[in-house]
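# Pasting the sequence and the predicted model now:
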Amino acid sequence: MRICFELLELLKARRMGIRRAAVNTFGYIAKAIGPQDVLATLLNNLKVQERQMRVCTTVAIAIVAEACAPFTVLPALMNEYRVPELNVQNGVLKSMSFLFEYIGEMGKDYVNAVTPLLEDALTDRDLVHRQQAASAIKHIALGVAGLGCEDAVLHLLNYLWPNIFETSPHVICAVLEAIEACRLTLGPSRILQYVLQGLFHPARRVREVYWRIYNTLYIGAQPALVAYYPTIEDDEHNVYQRYELEYVL
């Protein structure tokens, strides 16, 4: 534990290699003595003002979770979110984002547990809360694709979708990436059903966002969309019937 306290100082180091070695060392110490004491030290460190310290601490928490299994870390992490302080809550969300990135497919066991917390973050007034929650959803969705967690991911997508009109570049980038990740888990047809509602909206600003999402959807899964386009009556210039598809259906 003495080494842990000394390591916290190294998270301020100017060289990235030193910071990386420090956060990895937290993982080794947690593996040796158990995660509880190490985690308490790290969670306490989320309250500091210096951003670099907090970011390194969130990475260290995720590494401890990966080393000692997530169920040893997640309860304490979620409990820490109840602290009514912006830095701490953002740190917890960032930790979750890194945690689900590191554990990948193991995330399927924890999706339902963290869903209420992410709901709360996605409905928060603070932009950074929503950005970090979107980032966490991206990693969750990428990890659980094809593992039967569609109901939870769809539920989170419903909370994520209103944020597509954000103007902050970091937030909109995180939201669009999360929607792309949801496409992998839920299939492009589900995202298309959301997108079709706004493609021809009277307001240009609404149309622009929806077309942007549609274009990324089209690039990512164009062949899979064919079966889900709306059926339109033929007119005198064009034939919209897809006979081969209707044979199959």
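In hand now; what should we look at? Numbers count the residues shown, from 1 in each chain.

# so which strand or helix has residue 20?
For residue 20, the enclosing helix or strand under DSSP states H and E is helix 16-33.

# Give me the angle between the helix or strand that that helix is followed by and helix 16-33.
Sequence order places helix 35-45 as the next helix or strand after helix 16-33, per DSSP H and E. Angle of helix 35-45 versus helix 16-33, following axes from the mean of the first three to the mean of the last three C-alpha atoms, to 10 degrees, is 140 degrees.

# Determine the set of other helices and strands touching the first helix or strand past helix 35-45 going along the chain.
Reading on from helix 35-45 to the C-terminus, the next helix or strand found by DSSP H and E is helix 51-68. Under the contact criterion of 3 or more C-beta pairs under 8 Å, 6 or more residues apart in numbering; DSSP states H and E, helix 51-68 touches helix 16-33, helix 35-45, helix 74-80, helix 86-103. No exception for glycine: its C-beta is placed from N, CA and C like everyone else's.

# can you list the ones you listed in JSON lines and add distance to residue 2, mean pLDDT and mean neighbour count?
What follows is the helices and strands packed on helix 51-68, written out as JSON lines (distance: least, C-beta to C-beta, whole Å; pLDDT from 0 to 100; neighbours: other C-beta atoms under 10 Å):
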{"stretch": "helix 16-33", "distance to residue 2": "11", "mean pLDDT": "82", "mean neighbour count": "16"}
{"stretch": "helix 35-45", "distance to residue 2": "11", "mean pLDDT": "77", "mean neighbour count": "19"}
{"stretch": "helix 74-80", "distance to residue 2": "21", "mean pLDDT": "84", "mean neighbour count": "17"}
{"stretch": "helix 86-103", "distance to residue 2": "24", "mean pLDDT": "84", "mean neighbour count": "23"}
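
# export the ones you listed to CSV and tack on distance to residue 169?
CSV is the format used below for these (distance: least, C-beta to C-beta, whole Å):
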stretch, distance to residue 169
helix 16-33, 24
helix 35-45, 29
helix 74-80, 28
helix 86-103, 18
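
# what comes up buried for the lengthiest helix in the chain?
Scanning the chain for the longest helix, with DSSP state H as the assignment, gives helix 204-225. Neighbour counts over helix 204-225 (16 or more other C-beta atoms under 10 Å) mark 206, 209, 210, 213, 214, 216, 217, 221, 225 as buried.
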